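A.B. asks: sequence first, then the predicted structure:
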Amino acid sequence: MRNFYNLFLGTIFIAFFNMPMLIHGNEIEPAKKSKRPSFVYKPELVRRTPKYEQKLGILPIIDSRASMFYGEEDDFYKDPIIVGLNRIFNLELRYSGLFAEVASIKDLSSVNPDIREIQSIGASNKTNLILLTYLTDFNFNRTPADMYSTMGGWQVDFANSVKLSFICQIIDVDTGLILLAEEISRESIEYAKSGSFEMNQLQKMTIDALKSSFTDLKILIQENGLRLK
Amino acid sequence: MKLIQGHKVFSIFLLIFCLQNLYGQSPVEKDEFFNVLDKELEFYEADWLENYSTNRDISIGAEWFSESDQEAYLGQVIYSDKKLKRKLKNKGKGKNEIAVLFIVITNNSKYRILFDGSSANVIDDKNQITERSNIEEVIKKFKYKAKAGTKAFSRIVSLGFLGTSSYDEMRLGSVRSNLSKKSIKKTIVEPGESYSRLLFIPASSIKDGAMIQIPIQNLKRLLYLDLKLNLPTDIN
């Protein structure tokens, strides 16, 4: 009886101290389709006289990332990443009040369009300016932020992050001049003591990174006024 | 007698606990992938390297990332100097191997340029193009998983309850973050600025006459240019 009692105590003892390591064992994989978060949000609508009187045509985003969202997986969200980002770009610039009109353009045949293609797209969509965007990062990263030994083994604190970077060019359709070319890069980080990962956290980090990126982009477009006019 | 037996059982658990601590501390202190995470690539200008070329005031330089460099900046050797030397002498196929190049671009033109590192590739003398290796392919070359001995030890000290997935995941996280930070990508290079990153290429693409090809774009007008440079012929 005494042996069983000691065995029981010992098991509890080991289980208790092993808890942090057991928690760490979670792998990050896309959730079931029904549980995947959306990162599309409604931006703040700015009511003002447009800063620029031109019509901006937004070309579909070109995926120039070096790697997929996490590992070999890209399907962490409700909509495909490029589809969601195209919607957000259109919403953010339309709601910004920066341009008299904003149009979403669906067709782009080349990843490196030349001036002829830009002028042809501009003419067929009746736009004065074209926005060309290359997505260079839209990735989840899990980096060990700190490691330390505890009584039960070793513990790792992770920095979960969503990094978003894109390069935008606003091209004048008539002259072919590039009026604005900027790289926007933002990262949203949440620290976690364990390997567990919630879809809500992913959604929050993604939207935070997107909102800060668009704040940067809109400021740059606004302050670039002299060159755009 | 029963009391003594009871103490024996508890002593075994105590011993296991001590072993766990011993096991738990060593990887923390010695994790090579964690240690290289914050180590930035050294600053270079393209013409500081022996192998460089210049086109319209934009220079591109490249050198092989040797064993010692790989160990210092990646935490592990993924392609040895010995194998690379053999490949440079056209010996061996280099199948499933990945070689590492240190690439530097210096923009001495008066224009801002878009350096399209994500479209970098290797082109041979017959104009056959080999795509660069992607990050996930490169990650597979790293030994981030615990060794068989460590796994067995982990199972013994945890009475079979635990694997080593937490340890593996932590190391994988370090490898992935490090590669993302140091790999070549698409970026803007300002006039006068230099940018250096690592380019991973299939070792099978190392041939006589093979060249690195990286597109760039002028950011004043929509003009494109392919920067080309011979693969380095020796290890420094």
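C.D. replies: Cool, got the structure. Here the structure is a predicted model, which means the values were calculated and not measured.

A.B. asks: checking A:Thr133 next. Helix, strand or coil?
C.D. replies: strand (DSSP: H, G, I helix; E, B strand; the rest coil).

A.B. asks: report how many residues lie close to it.
C.D. replies: By other CB atoms under 10 Å in any protein chain shown, the residues close to A:Thr133 number 21. Where C-beta positions appear, they are placed from N, C-alpha and C, glycine not excepted.

A.B. asks: likewise for B:Glu190?
C.D. replies: Neighbours around B:Glu190, by other CB under 10 Å: 12.

A.B. asks: ok, A:Asp79 next?
C.D. replies: A:Asp79 has 15 nearby residues by other CB under 10 Å.

A.B. asks: can you give me phi and psi for the residue nearest to it when sequence neighbours are not counted?
C.D. replies: Using CB to CB, 6 or more residues apart in numbering or on different chains and skipping the chain neighbours, the partner closest in space to A:Asp79 is A:Ser38 (6.5 Å). Note on A:Ser38: backbone dihedrals following degrees, to the nearest 10 are phi -110, psi 140.

A.B. asks: how far does whichever helix or strand A:Leu217 is part of sit from its chain's centre?
C.D. replies: Here A:Leu217, judged by DSSP states H and E, is contained in helix A:199-223. Centroid separation for helix A:199-223 versus its chain: 8 Å, with CA atoms, centre = their mean, to the nearest Å.

A.B. asks: give me the helices and strands touching it, please.
C.D. replies: Helices and strands touching helix A:199-223, by 3 or more CB pairs under 8 Å, 6 or more residues apart in numbering or on different chains; DSSP states H and E, are helix A:81-95, strand A:153-172, strand A:178-192.

A.B. asks: try it again with 7 Å
C.D. replies: strand A:153-172, strand A:178-192 (3 or more CB pairs under 7 Å, 6 or more residues apart in numbering or on different chains; DSSP states H and E).

A.B. asks: which residues are contacting that helix?
C.D. replies: A:31, A:35-37, A:39, A:41, A:51, A:76, A:88, A:92, A:96, A:98, A:160, A:162, A:164, A:168, A:180, A:182, A:184, A:186-188, A:190 (CB atoms under 7 Å, 6 or more residues apart in numbering or on different chains).

A.B. asks: over to stretch B:119-137?
C.D. replies: Residues contacting stretch B:119-137 (CB under 7 Å, 6+ apart): A:66-67, A:71-72, B:98, B:179-180, B:183-184, B:199-202, B:205, B:207, B:209-215.

A.B. asks: that one: end-to-end distance?
C.D. replies: This stretch, stretch B:119-137, spans 16 Å end to end (CA to CA, to the nearest Å).

A.B. asks: check which residues of it are buried.
C.D. replies: B:119-124, B:130, B:132-135 (16 or more other CB atoms under 10 Å in any protein chain shown).

A.B. asks: and those as CSV, adding secondary structure?
C.D. replies: Below are the buried residues of stretch B:119-137 laid out as CSV (three-state DSSP):
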residue, secondary structure
B:Ser119, helix
B:Ala120, coil
B:Asn121, strand
B:Val122, strand
B:Ile123, strand
B:Asp124, coil
B:Thr130, strand
B:Arg132, coil
B:Ser133, coil
B:Asn134, coil
B:Ile135, helix
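
A.B. asks: now, of the contacts of stretch B:119-137, which are buried?
C.D. replies: Members of the contacts of stretch B:119-137 classed as buried by 16+ other CB under 10 Å are A:66-67, A:71, B:98, B:179-180, B:183-184, B:199-202, B:205, B:207, B:210-215.

A.B. asks: A:Leu210: how many residues sit nearby?
C.D. replies: Neighbours of A:Leu210 (other CB under 10 Å): 24.

A.B. asks: could you list the low-pLDDT ranges of chain B?
C.D. replies: Chain B contains residues with pLDDT under 70 at B:1-7, B:9-10, B:12-30, B:146-166.

A.B. asks: now B:Lys140: how far from B:Asn96?
C.D. replies: 9 Å (CB to CB, to the nearest Å).

A.B. asks: equivalent analysis for A:Asp63, please.
C.D. replies: 27 Å.

A.B. asks: the more surrounded of those two?
C.D. replies: A:Asp63 (16 against 11).
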